[in-house]
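Trainee: using only what follows, build the 3D model:
(one chain, ligands or ions: 2)
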Amino acid sequence: MTSTPLSIQAASCADDYDPNSMPVAKAREFIARFLSPVSAVEHLHIRAALGRVLAEDVVSPLDVPAHDNSAMDGYALRFADLKPSGEVTLRIAGSAFAGVPFQGQMHPGSCVRIMTGGVVPVGADTIVMQEHVVAQDDSVRIGGGHQQGQNLRRAGEDLKTGQVALKRGRPLRPAEIGLIASLGIGEVSVYRRLRVAFFSTGDELRSIGTPLAEGQIYDSNRYTIHGMLARLNCEMIDMGVIRDDPALLEGAFRVAAASADVVITSGGVSVGEADFVKDLLDKLGEVVFWKIAMKPGRPLAYGRLGNAHFFGLPGNPVSVMVTFYQFVRAALLKLSGLDPVPELPSFKVPCTSSLKKAPGRTEFQRGALTQNAAGEWSVRVTGEQGSGILRSMSEANCFIILPETQGNVAAGTLVDVQVMDSVA
Ligand code: AMP
Ligand code: MG
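Mentor: Ligands and ions are numbered 1, 2, ... in the order given. Predicted coordinates for the structure are as follows:
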């Protein structure tokens, strides 16, 4: 559990924001103040640690590479034996393969056949590629134009003994797992996975496998939330659909808060519905209800239920995904121990569609980034942008982010895009 004492009320009074028109950046900053990573640590074999977050620095117990070794297949020799221009002939004294070092003495005037990764023999200071020599029986002819120290990887060049190879807070991807293995380390300390409980609210919602009566719809938010949490490697507690009934909701909030680090709900935070949910959450914890100056995703609730963080997302399926990407994702990564929390890649590209936009809110339109035959990237909007239309998310691979002050966008204008393909 996180330990930051929280008084949302106090913090919100101290701030001069308007909860009825909360800027996206302000809401993010506000949430960030209350996030401290899980403290529990597990020791795992590096294979099992994939996707986890390092809880301790990994310190190198050895020099990497351990010895001076060759970067090429060729010949190890003394630079002093070469002529700046013109040829010399050196006797081949033996060979050094990767893992099988040369055991003899390399006297002046001789060289050692060496393969990539082979330990450089004592006395040698330069490697000449095999393509640059003429080999004949037990000697080689080598021309001029070489540099002392060429093609040689020095001991400790990548990492020295005692140096930090990976810092606490780093995510363990295949590259990090390989790096740790290359140090001969088999176990690492990682933060325990974040526990997230989630449920959908709404009398109109039915679960898959149940026929729909008039006015009912299938619950899809629980599945998108499940998918996004799985991508973030969270431990999940799926609590199903909870009807808009104060007693049932109170029970669900209590169970969720007692069993998870984070509670996420969808629906029930819009005007009209918010009133009774608000009373309930006031009773169970400290929660602020915002109307964020954004589209889609206007209503959002954030706070604490007992020791758990609470995110009350809107009900509309696209709003759920947008608010998750824009607020929940970074919060969960921070709570999981990631330091720094990686930003989703974002950059400017020309937009081939013209976009309708009124100033006053940040808009997150769904975009498809594509490359033309000349290799240039541009973005187009993915059809109907209604906040209930999941197809526009499904066809998108990025958000087109239009800032609060922005008005209509003419086709061809540069716009900010944020890549959404991976949540993490
Ligand atoms: P609400 O915020 O609860 O008023 O919901 C806003 C809209 O989103 C309504 O049209 C709901 O039917 C729809 N909605 C709410 N929850 C879900 C859900 N879990 N899956 C699909 N649609 C939902
Ligand atoms: Mg509802």
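
Trainee: any idea what Ile217 is bridged to?
Mentor: Leu205 (DSSP bridges).

Trainee: does it touch Asp203 like I think?
Mentor: No. Taking contacts as C-beta atoms under 8 Å, Ile217 lies outside contact range of Asp203: 10.8 Å. To be clear about C-beta, it is placed using only N, CA and C from the backbone, and glycine gets the same treatment.

Trainee: just confirm Ile142 contacts Val88, I think it does.
Mentor: Yes. Using C-beta under 8 Å, Ile142 is in contact with Val88, at 5.8 Å.

Trainee: and the two? Which one has more around it.
Mentor: Ile142 (23 against 15; other C-beta atoms under 10 Å).

Trainee: and that one, what does it touch?
Mentor: Going by C-beta atoms under 8 Å, 6 or more residues apart in numbering, Ile142 touches Tyr75, Leu77, Leu82, Glu87, Val88, Thr89, Leu90, Val128, His132, Val133.

Trainee: ok, of these, which come out buried?
Mentor: Buried members of the contacts of Ile142, scored by 16 or more other C-beta atoms under 10 Å, are Tyr75, Leu77, Leu82, Leu90, Val128, Val133.

Trainee: now do the contacts for the fourth one.
Mentor: Residues counted as contacts of Leu90 (C-beta under 8 Å, 6+ apart) are Tyr75, Leu77, Asp81, Gly109, Ser110, Cys111, Ser139, Val140, Ile142.

Trainee: rewinding a little: sitting in strands, which of the buried ones among the contacts of Ile142 do you find?
Mentor: Tyr75, Leu77, Leu90, Val128, Val133 (DSSP state E).

Trainee: any chance of those in CSV with pLDDT as columns?
Mentor: Formatted as CSV, those follow (pLDDT from 0 to 100):
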residue, pLDDT
Tyr75, 98
Leu77, 98
Leu90, 98
Val128, 98
Val133, 97
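
Trainee: and those, which is closest to Ile401?
Mentor: Nearest to Ile401 out of these is Val128 (C-beta to C-beta; 54.6 Å).

Trainee: does that closest one touch Gly74 like I think?
Mentor: Yes. Here Val128 reaches Gly74: they are 5.2 Å apart, a contact under C-beta under 8 Å.

Trainee: what is the neighbour count of Ala373?
Mentor: Around Ala373 there are 5 residues (other C-beta under 10 Å).

Trainee: where along the stretch 151-300 of the chain do the helices fall?
Mentor: For the stretch 151-300 of the chain, the helices defined by DSSP state H, counting those that start in this stretch cover 174-182, 221-231, 246-259, 274-284.

Trainee: let me know which of the ones you listed is the nearest to ligand 1.
Mentor: helix 221-231 (3.4 Å; C-beta to the nearest ligand atom).

Trainee: what about the closest residue to Asp244 other than its chain neighbours, distance to Val287?
Mentor: Sequence neighbours aside, Asp203 is the residue nearest to Asp244 in space, at 4.9 Å (criterion: C-beta to C-beta, 6 or more residues apart in numbering). From Asp203 across to Val287, the span is 22 Å (C-beta to C-beta, to the nearest Å).
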